[in-house]
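Visitor: pasting the sequence and the predicted model now:
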Amino acid sequence: MRSLATLLDDVKNCQRCAESLPFAPRPVLQCRASARILIAGQAPGRKAHDSGLPFNDVSGDRLRSWLGLSRETFYDSHQVAILPMGFCFPGKGRSGDLPPRPECAPMWRAELLAHLKHLELTLAIGRYAMAYHLPGAGSSVTEVVRAWREHWPRVVPLPHPSPRNNRWLAQNPWFETELLPELKTRVADVLR
Ligand code: SF4
């Protein structure tokens, strides 16, 4: 197995699906072997692509409030790893960003995760991360998130924190009243 430093260098130089991306590949992730929390998202949006900082947008602000984390802690790679299912901005489709590139997770994910030996909590955000980190858990985001207690305390499925999901949040008030308070406590415990 490659060292984590070599592996991250190889990710940085990856051109695997360059022809399918709207811009030159720019993998956006943070990863250190000491991380205790893994944020498994979908793919960087345009703002994250431009800044090189994952969740550097209103979705990230909402995610940090869900987790009870400051920006400082969220971006502390010694504590928090951020590995989306696709590392590069996939471009925009007719209804928002395109899905993560399917080439990315098979190419990189297992080897990166093998270096993260101190993980205590994985946040599987959106259906692509749920399919990978909770295989067989269900086909709809609502179904999987509603059954969050089945995977507690190591993996917590979450809807994407995008404003596009405001309607979902309004239709599923249990998410904010039941899951989020438990999640905040769990995150604080893991990082204590
Ligand atoms: S999305 Fe993943 S596989 Fe495609 S170029 Fe970026 S790092 Fe490589």
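Guide: Okay, I see it.

Visitor: the ligand contacts on this protein?
Guide: The chain has residues 11, 14-18, 25, 27, 86-88, 101, 103-104, 107 near the ligand, with proximity defined as CB under 6 Å from any ligand atom. Backbone N, C-alpha and C define where each C-beta goes, glycine included.

Visitor: okay, and which of those residues map to helices?
Guide: Judged by DSSP state H, the subset of these located in helices is 11, 104, 107.

Visitor: as JSON lines, the residues you listed with distance to residue 119 would be great.
Guide: Compiled in JSON lines, those are given as follows (distance: CB to CB, whole Å):
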{"residue": "11", "distance to residue 119": "18"}
{"residue": "104", "distance to residue 119": "20"}
{"residue": "107", "distance to residue 119": "20"}
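
Visitor: ok, of those, which one's closest to the ligand?
Guide: Lowest distance from the ligand to those (CB to the nearest ligand atom) belongs to residue 104, with 3.2 Å.

Visitor: lowest-confidence helix or strand of this structure?
Guide: Least confident helix or strand of the chain, by mean pLDDT, DSSP states H and E, is strand 96-97 with a mean of 90.

Visitor: strands paired with that strand, and their directions?
Guide: When pairing is defined by DSSP bridges, strand 96-97 lines up against strand 92-93 (antiparallel).
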